[in-house]
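**Student:** 3D model of this:
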Amino acid sequence: MQLSNAEEQLMQILWKKKRAFMKDLVEAYPEPKPAMTTVATLLKRMQDKQFVNYDQKGRSREYFPLVKKQDYFSRQMNGMIKNFFNDSASQFASFFTQQTDLSKTELEELRKIIDQEIKKK
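**Tutor:** Sure thing, here's the model as predicted:
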């Protein structure tokens, strides 16, 4: 299941805060802040998608993420590699390293990360 851009923006806030009431979520938005009803609609859709849930605290709801940020972005990256790069990590790596204008130092850091992963396997 995927999030819309608006839902993903709200998830970013919730991942950062870990737990928050709706007023805190609205406050965390940059200007112009969305209406409370807009955030309520997004939260309901995200709850239906099982990305968030809440604890009832009196008359208020304290929302929290059900999906970890790392898990979500890992799924997104894997989906992107599958859909745009024929499920080929090497095609993705080639595109990424050629199109992102990385410095020599950044490329060397990537090589170190890859070398470490190779040693683990």
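**Student:** Quick one: residues contacting Q9.
**Tutor:** When contacts are counted by C-beta atoms under 8 Å, 6 or more residues apart in numbering, Q9 touches Y29. Using the backbone N, CA and C atoms, a C-beta is placed for each residue, glycine as well.
**Student:** Helix or strand for it, just tell me which one.
**Tutor:** For Q9, the enclosing helix or strand under DSSP states H and E is helix 5-17.
**Student:** how much space is there between N53 and Q98?
**Tutor:** Separation of N53 from Q98 (C-beta to C-beta, to the nearest Å): 42 Å.
**Student:** And the two? Which one has more around it.
**Tutor:** Counted by other C-beta atoms under 10 Å, N53 and Q98 do not tie: N53 has more neighbours, with 14 against 9.
**Student:** Pop out the phi and psi values for the more buried one.
**Tutor:** Per-residue torsions, N53: phi -150, psi -180 (degrees, to the nearest 10).
**Student:** How about it: what's its closest non-neighbour residue?
**Tutor:** Excluding the flanking residues, the one nearest N53 by C-beta to C-beta, 6 or more residues apart in numbering is L66, at 5.5 Å.
**Student:** re earlier: would you indicate which residues of the helix holding Q9 are buried?
**Tutor:** Within helix 5-17, the residues scored as buried using 16 or more other C-beta atoms under 10 Å are 7-8, 10-11, 13-14.
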